[in-house]
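Asker: this one's structure only:
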């Protein structure tokens, strides 16, 4: 098989091909490594675990030949964002400060993927310490968007987004504090899931903001995300924030359809202050969901306006606390943008931080109230499509530049602040061929509902199947 | 850089940095001032909103919650009595 043929299938399809011995894990790893080399100009990867992956692939092949399948991801190459610990391998968090950091043990999520038989193909590039939404990394190279390499891929899990979009791996892990799975998923045309806070262990992951950090899957389809999430979710005693709730089969509802599903449109928010192409794509997506049996309902969240300020306050104060020692000992080793954010976060008042945390309780109460009359809430994942590399401002309304950080979190802050799960689903492209994502926000622990709706949408549309022009059949 | 007319200046940032035992050059303080000048007004508006008397009972999202008392399956007792 050609590399294109080996890499074109989804994760779940590929896992089945491995299980039935139609494809060898060795072939998959070799094709992935070649694809990674071919996309080198995207800076999507910080390290490629080619030798280890090949050895594991050979062992995986022997096991399958002997009739032993480790788990649902047996023999499938996946990538991990480089703030997720892999024993003995560089885990830099995209930083110079941790360039020599090699964890003594796997993160819990790493261990669970290995136990399911996944093969770790590499560590992906990211915004430094995950504190940013563009993956403009001064130490390992700016990650570039495979749909247009003059543009950014979103962040902070930009490398994972590119890795999946370019079919260099069959899925990746990202982390999401203020949007860092969802944003690159939207801008790369893939599916990404932020879980309910505490649903997936953060043990072994370098933190950004303790009260909002999550780990989740990024993949080509909702079904692939479901397969990954089934492996990841579940109580971990090593994570003090882990919810004592056992794992689930998140693929169980994928074929149920969405007849009667209520999709909440938030007054003055869901389609407010967005670029025309994004609004058009999300409105058309809603029409597709209605045609599939869903219906929209209008909901209100009275105090939603404060969400961006609260997001900035919490997301600034917590990383600044974590980084206090390095910021004093090695300030020059940070990139300029992250250093500035860390310095500023140190000077926010305790009262401002705690009022933001009180606001989160209020917002959660109001959002759950909105969800009492709906199954999910909808909005774009972000209000614009990929901007040029290095831009620090964006024009959502023509002639009105806005700060990039605030603008990029316009819609992703709501789930982050309230601890609710959210998924980004590809729902269209703008006139320049750049991907657009739709965000669905669910009730606590209702990831299966999010995946069900996303799967129904993907059964009726083909946005998630399109491949970036950077990737050509070989 | 510092925002003209804003009370958040390079000097006020450097003074605040002293409280945090953080050394900032004049240039860095000016850059931080620009960022805080964008953030702090909205943070203070939010703080004012959260001072409203109708929100007096609202605890920050970071408070430990121990769950229902022993023998109280749905937490109703603790909610009724506030214990």
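Answerer: Sure, I can see it. Since the structure is predicted, the reported quantities are computational estimates derived from the model, not experimental observations.
Asker: to what extent is residue 51 buried, counted in neighbours?
Answerer: As the question left the chain open, I've gone with chain A. By other Cβ atoms under 10 Å in any protein chain shown, the residues close to residue A:51 number 9. C-beta here means a position set from N, CA and C on the backbone, and glycine is covered the same way.
Asker: right idea, wrong chain: chain B
Answerer: With other Cβ under 10 Å as criterion, residue B:51 counts 12.
Asker: just residue B:40 next, same as before
Answerer: Residue B:40: 22 neighbours (other Cβ under 10 Å).
Asker: try residue A:469
Answerer: For residue A:469, the count of nearby residues is 11 (other Cβ under 10 Å).
Asker: where does the residue lying closest to it once chain neighbours are set aside fall, phi/psi-wise?
Answerer: The shortest distance from residue A:469 to any non-neighbouring residue, by Cβ to Cβ, 6 or more residues apart in numbering or on different chains, is to residue A:147 (6.9 Å). With angles defined as degrees, to the nearest 10, residue A:147 sits at phi -80, psi -20.
Asker: was I right about residue A:147 contacting residue A:466?
Answerer: No: Residue A:147 is beyond contact range of residue A:466, at 9.1 Å (criterion: Cβ atoms under 8 Å).
Asker: mind naming the longest helix for chain B?
Answerer: helix B:26-50 (DSSP state H).
Asker: can you name every helix or strand that it contacts?
Answerer: helix A:307-322, helix A:336-346, helix A:350-371, helix B:10-19 (3 or more Cβ pairs under 8 Å, 6 or more residues apart in numbering or on different chains; DSSP states H and E).
Asker: any idea of the mean pLDDT in the second one?
Answerer: Model confidence over helix A:336-346 averages 98 on the pLDDT scale.
Asker: for that helix, packing partners?
Answerer: helix A:307-322, helix A:324-329, helix B:26-50.
Asker: angle of the last one against helix B:10-19?
Answerer: Using axes from the mean of the first three to the mean of the last three Cα atoms, to 10 degrees, the interaxial angle of helix B:26-50 with respect to helix B:10-19 works out to 80 degrees.
Asker: which residues touch helix B:26-50?
Answerer: A:303, A:306, A:308-310, A:312-313, A:316, A:340-341, A:343-344, A:347-348, A:351-352, A:355-356, A:358-359, A:362, A:403, A:406, B:1-3, B:6, B:8-14, B:17, B:24, B:58 (Cβ atoms under 8 Å, 6 or more residues apart in numbering or on different chains).
Asker: which among those end up buried?
Answerer: A:303, A:306, A:308-310, A:312-313, A:316, A:340-341, A:343-344, A:347-348, A:352, A:355-356, A:358-359, A:362, A:406, B:2, B:8-10, B:12-14, B:17, B:24, B:58 (16 or more other Cβ atoms under 10 Å in any protein chain shown).
Asker: for residue A:96, report the pLDDT, please.
Answerer: 98.
Asker: next one: residue B:51
Answerer: Confidence score, pLDDT, at residue B:51: 95.
Asker: over to residue A:470?
Answerer: Per-residue pLDDT puts residue A:470 at 87.
Asker: ok now the strand or helix carrying residue A:298, how far from the chain's centre?
Answerer: Using DSSP states H and E, residue A:298 maps to strand A:295-299. Chain-centre distance of strand A:295-299: 26 Å, with Cα atoms, centre = their mean, to the nearest Å.
Asker: what residues of that strand count as buried?
Answerer: So, applying 16+ other Cβ under 10 Å, buried residues of strand A:295-299: A:296, A:299.
Asker: same for it, what does it pack against?
Answerer: Strand A:295-299 packs on strand A:262-266, going by 3+ Cβ pairs under 8 Å, 6+ apart.
Asker: counting by contacts, list what the next helix or strand after the strand it packs on packs against.
Answerer: For strand A:262-266, the following helix or strand on the C-terminal side (DSSP H and E) is helix A:276-291. Helices and strands touching helix A:276-291, by 3+ Cβ pairs under 8 Å, 6+ apart, are strand A:262-266, strand A:376-380, strand A:422-429, strand A:435-442, helix A:447-460.
Asker: would you reformat the ones you listed as a markdown table and include mean neighbour count, distance to residue A:23 and mean pLDDT?
Answerer: Listed next are those as a markdown table, based on neighbours: other Cβ atoms under 10 Å in any protein chain shown; distance: least, Cβ to Cβ, whole Å; pLDDT from 0 to 100:
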| stretch | mean neighbour count | distance to residue A:23 | mean pLDDT |
| --- | --- | --- | --- |
| strand A:262-266 | 20 | 38 | 98 |
| strand A:376-380 | 25 | 36 | 98 |
| strand A:422-429 | 28 | 25 | 98 |
| strand A:435-442 | 28 | 28 | 98 |
| helix A:447-460 | 23 | 23 | 98 |
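Asker: any chance of those in TSV, plus distance to residue A:212?
Answerer: TSV is the format used below for these (distance: least, Cβ to Cβ, whole Å):
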stretch	distance to residue A:212
strand A:262-266	20
strand A:376-380	18
strand A:422-429	12
strand A:435-442	15
helix A:447-460	17
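Asker: got these as TSV, with distance to chain B columns?
Answerer: TSV is the format used below for the helices and strands packed on helix A:276-291 (distance: least, Cβ to the nearest Cβ, whole Å):
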stretch	distance to chain B
strand A:262-266	19
strand A:376-380	19
strand A:422-429	17
strand A:435-442	17
helix A:447-460	21
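Asker: quick one: which of the ones you listed is nearest residue A:108?
Answerer: Nearest to residue A:108, of all the helices and strands packed on helix A:276-291, is helix A:447-460, at 17.7 Å by Cβ to Cβ.
Asker: count the neighbours of the nearest residue to residue A:17 once chain neighbours are set aside for me.
Answerer: In space, and not counting its chain neighbours, residue A:17 is closest to residue A:23: 4.1 Å by Cβ to Cβ, 6+ apart. Per other Cβ under 10 Å, the neighbour tally for residue A:23 reads 22.
Asker: which ones are touching residue A:23?
Answerer: A:1, A:6, A:14, A:17.
Asker: what do you get for residue A:97?
Answerer: Counting by Cβ under 8 Å, 6+ apart, residue A:97 touches A:326, A:330, A:333-334.
Asker: same question, residue A:130
Answerer: Residue A:130 touches A:83, A:93-94, A:155-157, A:175, A:177, A:180, A:206, A:208, counting by Cβ under 8 Å, 6+ apart.
Asker: so which of those residues is surrounded by the most neighbours?
Answerer: residue A:157 (38 neighbours).
Asker: I'd say that residue and residue A:124 touch.
Answerer: Yes: contact status for residue A:157 versus residue A:124: in contact at 7.2 Å, counting by Cβ under 8 Å.
Asker: hmm, back to that, could you list the paired strands of the strand holding residue A:298 along with their orientation?
Answerer: Strand A:295-299 pairs in its sheet with strand A:262-266 (parallel), by DSSP bridges.
Asker: excluding residues flanking it in the chain, which one is nearest residue A:348?
Answerer: Using Cβ to Cβ, 6+ apart, the closest residue to residue A:348 is residue A:317 (5.1 Å).
Asker: equivalent analysis for residue A:322, please.
Answerer: With Cβ to Cβ, 6+ apart, the residue lying closest to residue A:322 is residue A:207, at 5.9 Å.
Asker: and the one you found, which of the three is it?
Answerer: coil (DSSP: H, G, I helix; E, B strand; the rest coil).
Asker: isn't it right up against residue A:239?
Answerer: No: under the criterion of Cβ under 8 Å, residue A:207 makes no contact with residue A:239, lying 11.0 Å away.
Asker: looking at it, residue A:415 is touching residue A:194, isn't it?
Answerer: Yes: if you go by Cβ under 8 Å, residue A:415 and residue A:194 touch, sitting 6.0 Å apart.
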